[in-house]
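Enquirer: Sequence and predicted structure below; questions after.
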Amino acid sequence: MFESIAPAATPHAAYPRWLGDIGGTNARFGWQESATRPISHVQVLPCAEHPSLVDAGLAYLRAQGLSGPACAAFGIANPVTGDQIAMTNHHWKFSIEATRVALGLPRLLLLNDFTALALALPDLPREQLRQIGPGEAAPQAAVGLIGAGTGLGVSGLLPLGHQGKWLPIAGEGGHVTLGAGNAQEYAVIEHLRVRYGHVSAERVLSGPGLVDLYHALCELQDGQGREITTPAEVMERAEALPQSKAAQALEMFCGLLGSVAGDLALTLGARGGIYIGGGIVPRLGERFDRSPFRQRFESKGRFRGYLAAIPTWVIQSPVSPALQGASKALNLTQW
Ligand SMILES: Nc1ncnc2c1ncn2[C@@H]1O[C@H](COP(=O)(O)OP(=O)(O)OP(=O)(O)O)[C@@H](O)[C@H]1O
């Protein structure tokens, strides 16, 4: 529990700061020299090219010629429930304390990557958001965050009183059970259930999930299409062949994302809006705007009107805003 989210005195406010956003595919690092300076030295390192987080971190510091951070905060695509981390969608496994020592850090804070991203939402410039559909944010209302990348990240912010303070959510909403909205989705989910047992939202709403969804549609139709093995290939084929199974997979992906985002909005009472992050949706560009996303977001029976009033935005920031959120987390006590 959070006892307080008031800004802490030093040493938590120490600089320079080393910031990280560690996903299942990419580790993004940045550096913040002082409270008044923007994050600089941003570099993306493919996780697969480094045997451990320590190796990736040291490679970053070497490449950028940086040393001696006063503290560090890394968002990571994982629950952070104690000292031991075993990444859900990558093989890195480590002790936070051993990592702190190996990197020579006076303080290392690890938090969920979408909790970090949620902390950055109130400061996101409007020009880095693209609204999908209608709706207007209610002031001082909860906001939701969902993002498909290697996995499916979910978080949000709950308003604390009326002083513009927010409580970020550290949950694992990507692993909720995925529900079907029509017979075709039901058939795909049933196909995946036979394979995985539990079909979480992430089993479909992620990069690997898009490939599995495409393969499920192939199996349920003509059995052709196994040569496609990456989400980028599914997207390319969908773009080239609008009647293809790849295009159907992408439509279904967007519709299911809308449905899960609508569930999140209902659960949180997120009348402040739903933000869409992660690496997949921004790559869809305007195709996402034309997709069934928004219709499925609103399609919740008697709550259609409630959802129609809630805005949905795609985050289109050039630099991962989770780095800013990680920096903000360092200013909060109890982290
Ligand atoms: N050109 C592309 N088109 C579609 N998908 C792509 C493309 N390039 C990469 N991807 C997919 O995007 C996903 C990575 O997204 P992102 O960069 O958000 O990941 P991440 O931050 O490392 O992951 P996460 O935080 O979800 O664990 C991977 O599944 C990858 O295959």
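Expert: Alright, I've got the coordinates. Given the structure is predicted, the values throughout are model-derived calculations rather than measurements. Numbering: from 1, shown residues only.

Enquirer: which bits of the chain sit near the ligand?
Expert: Residues of the chain lying close to the ligand (CB under 6 Å from any ligand atom) are 23-26, 77, 89, 113, 149-151, 153, 207-208, 230-232, 235, 278-280, 283. Glycine gets a C-beta too; all of them are placed from N, C-alpha and C.

Enquirer: the helices in the stretch 101-250 of the chain, which residues?
Expert: Counting by DSSP state H, counting those that start in this stretch, the stretch 101-250 of the chain has helices at residues 113-120, 183-196, 207-220, 231-240, 245-268.

Enquirer: what stretches of the stretch 1-150 of the chain score poorly on pLDDT?
Expert: Low-confidence segments of the stretch 1-150 of the chain (pLDDT under 70): 1-13.

Enquirer: before we move on, the earlier item: minimum distance to Q64: which of the helices of the stretch 101-250 of the chain has it?
Expert: Among the helices of the stretch 101-250 of the chain, helix 113-120 comes nearest to Q64, with 20.3 Å by CB to CB.

Enquirer: what does that closest one rub up against?
Expert: Helix 113-120 has contacts (CB atoms under 8 Å, 6 or more residues apart in numbering) with 21-23, 73, 75-78, 143, 145, 147, 153-157, 166, 168-170, 277, 320-326, 328-329.

Enquirer: okay, now the closest residue to the ligand within the stretch 201-335 of the chain: neighbour count?
Expert: Distances between the stretch 201-335 of the chain and the ligand by CB to the nearest ligand atom are smallest at G207, namely 1.8 Å. For G207, the count of nearby residues is 22 (other CB atoms under 10 Å).

Enquirer: What sits closest to it if chain neighbours are left out?
Expert: Using CB to CB, 6 or more residues apart in numbering and skipping residues adjacent in sequence, the residue nearest G207 is P231, 4.1 Å away.

Enquirer: What residues does that neighbour make contact with?
Expert: Here P231 is in contact with G207, P208, L210, V211, I280 (criterion: CB under 8 Å, 6+ apart).

Enquirer: one more time with 6 Å
Expert: By CB atoms under 6 Å, 6 or more residues apart in numbering, the contact list for P231 reads G207, L210, V211.

Enquirer: cool, E236 as well?
Expert: Not one residue lies near E236 by CB under 6 Å, 6+ apart.

Enquirer: and what of V154?
Expert: Going by CB under 6 Å, 6+ apart, V154 touches I146, G173, G174.

Enquirer: could you measure Q316 against A247, distance?
Expert: 23 Å (CB to CB, to the nearest Å).

Enquirer: still on that earlier bit, pipe the helices of the stretch 101-250 of the chain into JSON lines and attach distance to S52 per row.
Expert: As requested, these are exported to JSON lines (distance: least, CB to CB, whole Å):
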{"stretch": "helix 113-120", "distance to S52": "18"}
{"stretch": "helix 183-196", "distance to S52": "28"}
{"stretch": "helix 207-220", "distance to S52": "22"}
{"stretch": "helix 231-240", "distance to S52": "26"}
{"stretch": "helix 245-268", "distance to S52": "32"}
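
Enquirer: Which stretch among these approaches P46 most closely?
Expert: Across the helices of the stretch 101-250 of the chain, P46 has its closest neighbour in helix 207-220 (13.5 Å, CB to CB).

Enquirer: Can you mark which positions in the closest one are buried?
Expert: Buried residues in helix 207-220, counted by 16 or more other CB atoms under 10 Å: G207, P208, G209, L210, V211, D212, L213, Y214, H215, A216, L217, C218.

Enquirer: Tell me which residues are up against that helix.
Expert: Contacts of helix 207-220 with the rest of the structure, by CB under 6 Å, 6+ apart, involve 150, 187-188, 191-192, 203-204, 225, 231, 234, 245-246, 248-249, 253.

Enquirer: picking that back up, compare Q316 and A247 (neighbour count), which wins?
Expert: Between Q316 and A247, counted using other CB under 10 Å, the more crowded position is A247 (19 against 15).

Enquirer: got a list of what the nearest residue to the more buried one once chain neighbours are set aside touches?
Expert: Once flanking residues are discounted, A247 sits nearest to A238: 4.1 Å by CB to CB, 6+ apart. Contacts here follow CB under 6 Å, 6+ apart; on that basis A238 touches A246, A247, L250.

Enquirer: one step back: taking the contacts of helix 207-220, please make a PyMOL selection of just the buried ones.
Expert: Here is the PyMOL command that selects the buried residues among the contacts of helix 207-220 (16+ other CB under 10 Å):
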select buried, resi 150+188+191+192+203+204+225+231+234+245+246+248+249+253
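
Enquirer: Good, we can wrap up now.
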